[in-house]
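[1] Provided below are the primary sequence and the corresponding predicted coordinates.
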Amino acid sequence: MKRKLIYHYFTDDDFLRFSRAIEEAEKSTSGEIRLAIKGELPFLASRKTVRQLAEEEFRKLNMQNTRDRTGILIYLLLSRRMFYILADEGINSKVSQSTWDEIRDIMQSEFMNGKYTDGILKGIELVGKVLSENFPIKKDDTNELSNQIIT
């Protein structure tokens, strides 16, 4: 069921494009971008808010363990047609919530027009720009988190 819903919206090629977009965005920042796309939820998780689910995924992926606390998760929940952008405390100390709200609104506009892939790619690009402005790449930077999409 989970897979069918995800593949109603996205193809394997889309997943490759998302991974490449993350890789490209991270070339100019020490920040770490992850993308999680979930279809249906297990019953026990169904009462949680999309933010709570994003926070759980963030912890499950050990995103809080980056060197400068510069992980950011774009979390989509297709069954509810909701998503959340969750940044770690290192990012939140420099970037205001209104910045993420603006990116959310741009992504949401694409989603409302049925352009789900474009919305995600635009979100990754904009998150990458914000990160590169506030957290430029360091000489000793390493890719701390996988660019693979979580489903």
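    Alright, I've got the coordinates.
[2] Please name every helix or strand in contact with whichever helix in the chain runs longest.
    Secondary structure of the chain per DSSP state H: the longest helix is helix 116-134. Applying 3 or more Cβ pairs under 8 Å, 6 or more residues apart in numbering; DSSP states H and E, one finds that helix 116-134 makes contact with helix 12-25, strand 32-38, strand 71-77, helix 97-112. The way it works is simple: take the backbone N, C-alpha and C, and place the C-beta from them, glycine included.
[3] Those: which one's closest to residue 55?
    strand 71-77 (8.9 Å; Cβ to Cβ).
[4] Give me the sheet partners of the helix or strand just after that closest one and which way each runs.
    Toward the C-terminus, strand 71-77 is succeeded by strand 82-87 as the next helix or strand (DSSP states H and E). Strand pairing for strand 82-87, using DSSP bridges, gives strand 71-77 (antiparallel).
[5] pull the CA atoms of the strand it pairs with into CSV?
    The C-alpha trace of strand 71-77 is given here as CSV (Å, rounded to 0.1, in the frame of the first residue of the first chain):
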residue,chain,number,x,y,z
GLY,A,71,20.6,19.0,9.4
ILE,A,72,17.3,19.8,7.7
LEU,A,73,14.5,17.4,6.9
ILE,A,74,11.8,17.9,4.3
TYR,A,75,9.1,15.4,5.4
LEU,A,76,6.2,14.6,3.1
LEU,A,77,3.2,12.6,4.3
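[6] Can you get me a residue count around residue 99?
    17 (other Cβ atoms under 10 Å).
[7] Could you report the separation of the nearest residue to it once chain neighbours are set aside from residue 85?
    Excluding the flanking residues, the one nearest residue 99 by Cβ to Cβ, 6 or more residues apart in numbering is residue 130, at 5.9 Å. Applying Cβ to Cβ, to the nearest Å, the value for residue 130 to residue 85 is 10 Å.
[8] Residue 13 now?
    Distance of residue 13 to residue 85, computed by Cβ to Cβ: 24 Å.
[9] For those two, indicate the residue with more neighbours.
    Here residue 13 and residue 85 are compared on neighbour count by other Cβ under 10 Å; more neighbours surround residue 85, at 19 against 9.
[10] Can you list the helices and strands that the helix or strand containing residue 7 packs against?
    Assessed by DSSP H and E, residue 7 sits inside helix 2-9. Here helix 2-9 touches strand 32-38, going by 3+ Cβ pairs under 8 Å, 6+ apart.
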